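**Q** Below: sequence and its predicted model.
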Amino acid sequence: MKSPFTIFLYALTLLLLVACGGDQRRDDAVLVVEPDSVAMQRLNGIWVDAETQTVVFRVDGDSLFYPNSSSQPVRFAIYEDTLLLFTADSVRFPIIRQKDYSFVYESLSGDSITLLRSENPLDSLIFFSTEHEYAPILLNEEVSRDTVVFSPSNERYHLYIKVNPTHYRVVQTTFTDEGLPIENVYFDNIIHVGVYNGRAKLFSHDFVKADFAELIPQEFLKGAILSNGEFGNVDRDGCHFNITLCQPNGSSCYVVSVVVDYRGQLEKKLIEY
């Protein structure tokens with residue numbers, strides 16, 4: 001059995017080791033890379049494509065503005081020879097050369113893109129002021145539809161669809177001809193579906209995008225909005241509704257059939273892409 005003195009020495013040794021380890025950690029230098037503020041300031045101004053002479057962007061402070069009223073400003077930073085754009089998925093572009101009146105970078109596809117500082121004062125007219133509030137785009141107004149239908153057994157049903165704009169934001173990223181990411185922000189919708197048999201409520205639900213996650217690929221769903229809701233048909237299976245989910249630019253859509261049977265049970269199936 002160890003003596004109390006031996007135990008004391010053992011404990012003291014442990015304390016010294018921990019203390020030394022702590023001092024060593026405090027002495028270690030933390031490497032922090034700061035943005036190149038001089039290079040960022042040098043990029044301030046309006047820049048045009050060297051080949052087409054079209055305006056590409058304007059830089060003000062640490063923000064990049066596109067000549068498009070619906071496009072969100074993008075924060076940026078320059079670290080040594082890299083341009084970093086802080087979009088939903090941050091994008092890096094190697095800088096090939098930067099001068100006062102020219103800026104050359106490598107696009108995501110590996111092309112060399114040359115921009116020139118604009119000397120045309122009229123180019124500033126296509127931009128909003130830096131104080132402009134870039135609000136998300138509202139693609140739908142509130143839409144209400146209702147109709148009366150009869151089942152195969154001649155029962156009367158009252159159907160409702162309501163498309164309600166929300167403040168849920170959907171970000172869509174596209175790319176300019178120069179390979180730069182543009183983010184447009186849209187408001188998503190909620191689609192209400194209701195089925196009544198006389199005064200009895202058979203079914204009522206507010207559909208959101210997550211309700212269709214098992215039918216639509218996650219990557220598509222992330223950038224899509226609930227675009228529209230329409231009546232389908234009535235048959236022995238129940239009352240059919242068609243819910244459309246689209247990319248905000250309308251480039252591609254999914255149509256989901258929502259079927260409410262005569263017991264108020266719901267079935268969803270993909271009918272079109």
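**A** Structure's in. What do you need?

**Q** Strands of the stretch 1-150 of the chain, start to end?
**A** 45-49, 55-60, 63-65, 74-79, 82-85, 91-98, 102-106, 112-117, 143-150 (DSSP state E, counting those that start in this stretch).

**Q** ugh, typo on my part, it should be the stretch 151-273 of the chain
**A** Ranges of strands in the stretch 151-273 of the chain, per DSSP E, counting those that start in this stretch, are 156-175, 181-197, 200-207, 225-235, 238-246, 253-260, 266-272.

**Q** Any chance of these in a markdown table with mean neighbour count as columns?
**A** C-beta: built from backbone N, CA, C; applies to glycine. Output for those, formatted as a markdown table (neighbours: other C-beta atoms under 10 Å):
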| stretch | mean neighbour count |
| --- | --- |
| strand 156-175 | 16 |
| strand 181-197 | 19 |
| strand 200-207 | 15 |
| strand 225-235 | 18 |
| strand 238-246 | 21 |
| strand 253-260 | 19 |
| strand 266-272 | 13 |
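
**Q** could those strands go into TSV alongside mean pLDDT and distance to E51?
**A** Shown next, in TSV, are these (pLDDT from 0 to 100; distance: least, C-beta to C-beta, whole Å):
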stretch	mean pLDDT	distance to E51
strand 156-175	89	17
strand 181-197	91	19
strand 200-207	96	47
strand 225-235	93	35
strand 238-246	95	34
strand 253-260	95	35
strand 266-272	90	41
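
**Q** ok, V208 - contacts?
**A** Residues near V208 by C-beta atoms under 8 Å, 6 or more residues apart in numbering: Y168, D188, I190, L226.

**Q** picking that back up, take the strands of the stretch 1-150 of the chain and write them to JSON lines, including mean neighbour count.
**A** Output for these, formatted as JSON lines (neighbours: other C-beta under 10 Å):
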{"stretch": "strand 45-49", "mean neighbour count": "20"}
{"stretch": "strand 55-60", "mean neighbour count": "20"}
{"stretch": "strand 63-65", "mean neighbour count": "19"}
{"stretch": "strand 74-79", "mean neighbour count": "18"}
{"stretch": "strand 82-85", "mean neighbour count": "17"}
{"stretch": "strand 91-98", "mean neighbour count": "15"}
{"stretch": "strand 102-106", "mean neighbour count": "18"}
{"stretch": "strand 112-117", "mean neighbour count": "17"}
{"stretch": "strand 143-150", "mean neighbour count": "12"}
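
**Q** Make TSV out of those strands and add distance to E178 and mean pLDDT.
**A** Shown next, in TSV, are the strands of the stretch 1-150 of the chain (distance: least, C-beta to C-beta, whole Å; pLDDT from 0 to 100):
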stretch	distance to E178	mean pLDDT
strand 45-49	6	95
strand 55-60	5	94
strand 63-65	12	92
strand 74-79	13	94
strand 82-85	12	94
strand 91-98	10	95
strand 102-106	9	96
strand 112-117	5	96
strand 143-150	38	92
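
**Q** picking up where we left off before, which of the strands of the stretch 151-273 of the chain sits closest to N120?
**A** N120 lies closest, by C-beta to C-beta, to one member of those: strand 181-197, at 22.1 Å.

**Q** follow-up on the earlier one: got JSON lines for the strands of the stretch 151-273 of the chain, with distance to L215 too?
**A** Below are those laid out as JSON lines (distance: least, C-beta to C-beta, whole Å):
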{"stretch": "strand 156-175", "distance to L215": "18"}
{"stretch": "strand 181-197", "distance to L215": "15"}
{"stretch": "strand 200-207", "distance to L215": "12"}
{"stretch": "strand 225-235", "distance to L215": "13"}
{"stretch": "strand 238-246", "distance to L215": "9"}
{"stretch": "strand 253-260", "distance to L215": "6"}
{"stretch": "strand 266-272", "distance to L215": "5"}
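
**Q** looking at those strands, which is closest to D123?
**A** From the strands of the stretch 151-273 of the chain, taking C-beta to C-beta, the stretch that ends up closest is strand 181-197, at 18.0 Å.

**Q** Remind me what that closest one packs against, helices and strands.
**A** strand 156-175, strand 200-207, strand 225-235, strand 238-246, strand 253-260 (3 or more C-beta pairs under 8 Å, 6 or more residues apart in numbering; DSSP states H and E).

**Q** ok, 7 Å please
**A** strand 156-175, strand 200-207, strand 225-235, strand 238-246 (3 or more C-beta pairs under 7 Å, 6 or more residues apart in numbering; DSSP states H and E).
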